[in-house]
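Enquirer: need coordinates for the below:
(one chain, ligands or ions: 1)
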Amino acid sequence: MTYQLNLLCGCTIDYERGRMLDARGVTFCPLHAAAPLMLEACKMAELLFVSIFDVYDVDTKNTVRKLRAAIAAAEPKEVE
Ligand SMILES: [Zn+2]
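Expert: Model prediction:
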């Protein structure tokens, strides 16, 4: 018997009682499906801003700060 867990974001997880979950049973919502792509896009945009725009310009500083905050929030945390 297969069960389905519906998460608030729209992701669904199919599972069987007593069996470990694995990635095959996960159907991602649009936001979580896009998340890895958005992380890579943020990294590319950060490199672009730092390399071609004036890093002393306030708008560039703010954009780079936001991109770095988004990247830091999405990266796995290091375990100490
Ligand atoms: Zn989701």
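Enquirer: and residue 13, what element?
Expert: strand 12-16 (DSSP states H and E).
Enquirer: that strand near the ion anywhere?
Expert: No - Strand 12-16 is not in contact with the ion by Cβ under 5 Å from the ion; minimum separation 8.7 Å. Just so you know, the C-beta spots here come from the backbone N, C-alpha and C atoms, and that holds for glycine as well.
Enquirer: just how off-centre is the helix or strand just after that strand within its chain?
Expert: Of the helices and strands lying after strand 12-16 in sequence (DSSP H and E), the nearest is strand 26-27. Distance of strand 26-27 from the chain centroid (Cα atoms, centre = their mean, to the nearest Å) equals 16 Å.
Enquirer: quick test: name the residue nearest the centre of this protein.
Expert: residue 35 (3.5 Å; Cα atoms, centre = their mean).
Enquirer: would you say that one is within a helix?
Expert: Yes - according to DSSP: H, G, I helix; E, B strand; the rest coil, residue 35 belongs to a helix.
Enquirer: contact residues of the chain facing the ion?
Expert: Contact residues, the chain versus the ion (Cβ under 5 Å from the ion): 9, 11, 29, 32.
Enquirer: residues contacting the second one?
Expert: When you say that, I think you mean residue 11. Counting by Cβ atoms under 8 Å, 6 or more residues apart in numbering, residue 11 touches 26, 27, 28, 29, 32.
Enquirer: am I right that the last one is in contact with residue 9?
Expert: Looking back up the chat, that one is residue 32. Yes - look at residue 32 against residue 9 with Cβ atoms under 8 Å: they come within range, at 6.4 Å.
Enquirer: hmm, back to that, and the strand holding residue 13, what other elements does it pack with?
Expert: strand 2-6, strand 26-27 (3 or more Cβ pairs under 8 Å, 6 or more residues apart in numbering; DSSP states H and E).
Enquirer: what degree of burial does the spatially closest residue to residue 5 that is not a sequence neighbour show, as a neighbour count?
Expert: Spatial nearest neighbour of residue 5, excluding adjacent residues (Cβ to Cβ, 6 or more residues apart in numbering): residue 13 at 4.3 Å. Per other Cβ atoms under 10 Å, the neighbour tally for residue 13 reads 15.
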